[in-house]
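Visitor: after the sequence you'll find the predicted model.
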Amino acid sequence: WLPWVVLALATSGCRGSCCGLGTASSSQASGLVSTPPLWAAAMASGTGLIYSEQMMSHRLLWDFPACSFEIPERLSAPFDKLKQYGLVERCIQLPIREAIEEEIILVHSLEYLEAVKSTASMNIEELKSFSYKYDDVYFHPNSYHCATLSVGASLQLVDAVMLGRVRNGMALVRPPGHHSQKNDACGFCIFNNVAIAAKYAKQRHGTKRILIVDWDVHHGQGTQYIFEKDSSVLYFSWHRYEHQQFWPNLKDSDYDAIGKGNGAGFTINLPWNKVGMGNADYLAAFLSILLPMAYEFNPELILVSAGFDSVVGDPEGEMCATPECFAHLTQLLMPLANGKLCVVLEGGYNLRSLSESVCMTIRALLGDPVPPLVGQMAPCISAVETIQNVTAVHQPYWKCLKYHDGIIIKDPSTKKLYCCTEEHNFESDITTTEKEITNSKEKKDFDEFMDSHMKKVLVLIPSVRTAWAGDEVKSAKLDQCLKIEAKKTSFSFSSAGILLSGGDTAELENKNLLPSLGHIFPLIDKIAKREVRNGIVVAPSLSSSVVAAQYSITVGSSRVLLLVLGDAEIPDDVKADEKILVVNICGKQKEKGRNNYFIPICWKEGNECDGDLLQATFELILPVAYEHRPELVIFALGDNTGIQAVTLAHLTHLLQLLAEGRILVMTQASDLVETLASSLLGDPLPSIRSFVLNQENAFMLMKLTQELSQHWKLLQKSVR
């Protein structure tokens, strides 16, 4: 099985009916809801990328410093980088079109649309006068055409994804859109591409719940105002804020702007009150806030306002996140909405950072393995303060936040810097890696730094995605996987450095265990050698997963994550081994031997635990795993876990963000093989339709994370 991509590519010379420019079908104009065929969701594959050189003709014609860095090359540079990496060669064409007026006025007033249209016949002085009516935006005689293409590209991508022609995609467009409001251009934005796309998806495709993720460094106030009373759209924005001292300088950008009326609780603002935010801060925001709320919301479509001015090197953002972070953010969103994910370009003003980040986002959409994140996995104090405040104000609206502390930090550590003349030193908040990244901009050419960085993080993609081993199991998905033959079972455990506990030694008398290790070890060898990305095996005992983890260390993995779902005996030597991080989710109390590297999560039995498992994944499992930096993940599933297969498939997907996707799934239940193999192969996942939390389990998890946060810094969610 190999992932493939669909590229929606239109060249500057592509006009007329072949691209549908300036036209739309009668069903589009009438707003009729279209229903994809029943097979569309199952058949959807590939990644769409929409690009047109025509949108480069929007450019600044006079000296206007505030807008001088919104340049046409913001479009061509990332596309050229895609070609350089060979990503375009994995693509096929899909047409672009202009949006029609009926689509634009889904969001904007007819009067505003007519005003923008009139710029096509203006001279420079008239364009200046018109531009200065708005905040930091310019117009060109071609701006209206480019803006309608920008909207049309976004709608084409929505159509392709919703109709199952592609699974997901990205629209490389300009001018951007998320600052634009009903009657106003603003901040380089003319028409609000993503807001129109959301309204269009609701009208044309009958989409009931849409998640908009805005990771641009500026607040997308235009999108917020359009949907702030709408509970069918969950809007998330992080942005540089600095206590209202950073543009657009709005109180409505603060954490307590949560929506109005029926939309209360459906606007999530996460304001950054200092510069220098890095990978750990972004990751903490997703794991602590966005993902739990998104899973509870259960969107049918995800739209990303993808501004890459939040990447290291950008003159506007002044942040320290590296390009590969956006591959992680993208892949974290991909299990939601049956994989229906549309990424639309917004800002990004360092052409190299922009280009590398676009490529990383596309790689994730394609299903390529994501590289490990650089830097310490410890969010800064200011980020934790903001996360705590966002949690507190949204707690009344979301079950996933119900059991958290609802304490608001009224005097955050950064407030004096912006409200007083006293200076504040953030040096202690910035990690060593972030200092190196920041200093590199001053000490040497940024491109040289980025060349060096990308060489370190670009990963080899194994020729085989998924392999399996073991006895024959009836599963159509296994036909898409490589079969690994077993080795003979004459292993010498002592020579391999594997010390078995008494219980395991007794279990060797079980005739099934040694043969199962004969299947497991060759599979681990293939994964360790990067010949195979991941694998699955039916194992007769959870004890074999412990042996597998120990064996992995002997064949070169410096650190392993062992996640065991079910009651298993973990030997004392494994509990004490800091190379193996063991998280055991079970029904029995296992406080004995618990330490920072042996973490039992003991649930109250007899309840639906799918919501508890998701909550534990975001609040504990992924944070400690990211900080541990495993080179192999082993996910062992006991029989009769009581967890739905679809939930286990989501967890399997999320675990593939670790260790460059190197994961071995071991299950005692053969009836789970089809679902788990599908997740390992990268298939779109069905939605999890319920998010129920057990109060006792939730309080236990909160207590456990607080205790472990002294060691695992990514678990910090509050400042006390």
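Guide: Structure received. Just so it is clear, the structure is predicted and the values come from calculations on it, not from any experiment. Numbering: from 1, shown residues only.

Visitor: export the top helix by length along the chain to CSV, keeping only CA atoms.
Guide: When the chain is parsed with DSSP state H, its longest helix is helix 143-162. The C-alpha coordinates for helix 143-162 follow below in CSV (Å, rounded to 0.1, in the frame of the first residue of the first chain):
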residue,chain,number,x,y,z
SER,A,143,-7.2,42.1,-6.6
TYR,A,144,-10.9,41.3,-7.2
HIS,A,145,-10.0,38.6,-9.6
CYS,A,146,-7.4,37.1,-7.3
ALA,A,147,-9.7,37.3,-4.3
THR,A,148,-12.5,35.5,-6.1
LEU,A,149,-9.9,32.8,-7.2
SER,A,150,-8.8,32.5,-3.6
VAL,A,151,-12.3,31.9,-2.4
GLY,A,152,-13.1,29.6,-5.4
ALA,A,153,-10.0,27.5,-4.7
SER,A,154,-11.1,27.0,-1.1
LEU,A,155,-14.6,26.0,-2.3
GLN,A,156,-13.2,23.6,-4.9
LEU,A,157,-11.2,21.9,-2.1
VAL,A,158,-14.3,21.6,0.1
ASP,A,159,-16.2,20.1,-2.8
ALA,A,160,-13.5,17.6,-3.6
VAL,A,161,-13.2,16.5,0.1
MET,A,162,-16.9,16.4,0.8
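
Visitor: what's the next secondary structure element after it?
Guide: Using DSSP states H and E, the helix or strand that directly follows helix 143-162 along the chain is strand 168-171.

Visitor: tell me which strands and helices that following strand is in contact with?
Guide: Applying 3 or more C-beta pairs under 8 Å, 6 or more residues apart in numbering; DSSP states H and E, we find strand 168-171 packed against strand 47-52, helix 143-162, strand 341-345, helix 351-366. Where C-beta positions appear, they are placed from N, C-alpha and C, glycine not excepted.

Visitor: need the residues that contact the third one.
Guide: The contact list for strand 341-345, computed with C-beta atoms under 8 Å, 6 or more residues apart in numbering, reads 75, 78, 154, 157-158, 161, 168-174, 176-177, 193-194, 197, 301-308, 330, 333-334, 358, 361, 365.

Visitor: lowest-confidence stretch among the helices and strands packed on strand 168-171?
Guide: Sorting those by mean pLDDT places strand 47-52 lowest, at a mean of 93.

Visitor: quick one: distance of that strand to the chain centre.
Guide: 19 Å (C-alpha atoms, centre = their mean, to the nearest Å).

Visitor: before we move on, what about stretch 47-55?
Guide: 22 Å.

Visitor: do the same with stretch 304-311
Guide: 12 Å.

Visitor: distance between the ends of it?
Guide: 16 Å (C-alpha to C-alpha, to the nearest Å).

Visitor: can you report phi and psi for Leu163?
Guide: Backbone geometry at Leu163, expressed as degrees, to the nearest 10, gives phi -90, psi 0.

Visitor: what separates it from Met319, distance-wise?
Guide: Look at Leu163 and Met319: by C-beta to C-beta, to the nearest Å, they are 36 Å apart.

Visitor: looking at these two, which one has more neighbours?
Guide: A count of neighbours by other C-beta atoms under 10 Å puts Met319 above the other of Leu163 and Met319, at 28 against 16.

Visitor: quick one: residues contacting Gly317.
Guide: Counting by C-beta under 8 Å, 6+ apart, Gly317 touches 217, 240, 275, 309-311.

Visitor: how much space between it and Gln395?
Guide: Gly317 sits 29 Å away from Gln395, taking C-beta to C-beta as the criterion.

Visitor: the helices in the stretch 551-700 of the chain, which residues?
Guide: Shown for the stretch 551-700 of the chain, the helices assigned by DSSP state H, counting those that start in this stretch span residues 572-575, 610-616, 622-628, 645-655, 673-680, 695-708.

Visitor: and the stretch 101-250 of the chain, by the same measure?
Guide: Using DSSP H, counting those that start in this stretch, the helices assigned to the stretch 101-250 of the chain run over residues 101-104, 110-117, 124-131, 143-162, 193-205, 221-227.

Visitor: what packs against the longest one?
Guide: Read it as helix 143-162. Packed next to helix 143-162, using 3+ C-beta pairs under 8 Å, 6+ apart, are strand 8-10, strand 47-52, helix 101-104, helix 110-117, strand 168-171, helix 193-205, strand 301-306, strand 341-345.
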